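> Can you look at this prediction? I've put the sequence above it.
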Amino acid sequence: MKTTFVKLFVLGAAIAVAACNSNKKAAVKEDGTEVVKIRTPDTTEAGKEEEKVETVAVQGKVGEINKGKDGYTAILTTDDGKIYYATISIPNLKDPKQYRSVQIGETIKVKGDSWKMEDDNYITVRELEK
């Protein structure tokens, strides 16, 4: 009797773990039937474009600063006119000692993970140079 109980318990635990790791999304219709959709990665060109992350170094003049919860976003304009939204926060920096406030009009150099959303360029700053 004990071994049967243990086997059922282990089987139930295995099913519960497998269900948590599932890529399926279920919805119940009004008539009681269940519709299951399997989430797959976005393989369209737009999806691939959004996933592209590259490391870049950018030097630009700070035009605006938007303060956030644990840092700020500095809007940088480079010499060639490109605009970057650089998110600068202690948790994202490789060395937290690099964190500092910048002023509007100051020219700074940042390195970090860059990506593009629509027509805007974003950088998660990993290094803030003085």
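In hand now; what should we look at?
> Partner strands of the lengthiest strand in the chain and their direction?
Across the chain, the strand with the greatest residue count (assigned by DSSP state E) is strand 54-67. Strand 54-67 has these partner strands in its sheet, going by DSSP bridges: strand 71-77 (antiparallel), strand 107-117 (antiparallel).
> And the pLDDT at Thr3?
With respect to pLDDT, Thr3 scores 77.
> Make sure I have this right: it is in a strand.
No. When the secondary structure is assigned by DSSP: H, G, I helix; E, B strand; the rest coil, Thr3 falls in helix instead of a strand.
> For it, give its distance to Ile15.
19 Å (Cβ to Cβ, to the nearest Å). In short, each C-beta sits where N, CA and C put it, glycine included.
> Neighbour count for the two, which is higher?
A direct count of neighbours by other Cβ atoms under 10 Å for Thr3 and Ile15 places Ile15 higher, at 10 against 7.
> check which helix or strand covers that one.
Secondary structure assignment for Ile15, by DSSP states H and E: helix 2-20.
> List the contacts of the nearest residue to Asp120 once chain neighbours are set aside.
Sequence neighbours aside, Tyr85 is the residue nearest to Asp120 in space, at 6.2 Å (criterion: Cβ to Cβ, 6 or more residues apart in numbering). For Tyr85, the contacting residues are 73-76, 120-123, taking Cβ atoms under 8 Å, 6 or more residues apart in numbering as the criterion.
> Would you mind listing which of the residues you listed are buried?
Buried positions within those, assessed by neighbour count (16 or more other Cβ atoms under 10 Å), are 73-76, 121-123.
> mind checking which helix or strand of this structure has the lowest mean pLDDT?
Every helix and strand in the chain was compared by mean pLDDT, DSSP states H and E; the lowest is strand 24-28, with a mean of 55.
> Including distance to Ile108, could the buried ones among the contacts of Tyr85 go into JSON lines?
JSON lines is the format used below for those (distance: Cβ to Cβ, whole Å):
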{"residue": "Thr73", "distance to Ile108": "13"}
{"residue": "Ala74", "distance to Ile108": "7"}
{"residue": "Ile75", "distance to Ile108": "11"}
{"residue": "Leu76", "distance to Ile108": "7"}
{"residue": "Asn121", "distance to Ile108": "15"}
{"residue": "Tyr122", "distance to Ile108": "16"}
{"residue": "Ile123", "distance to Ile108": "11"}
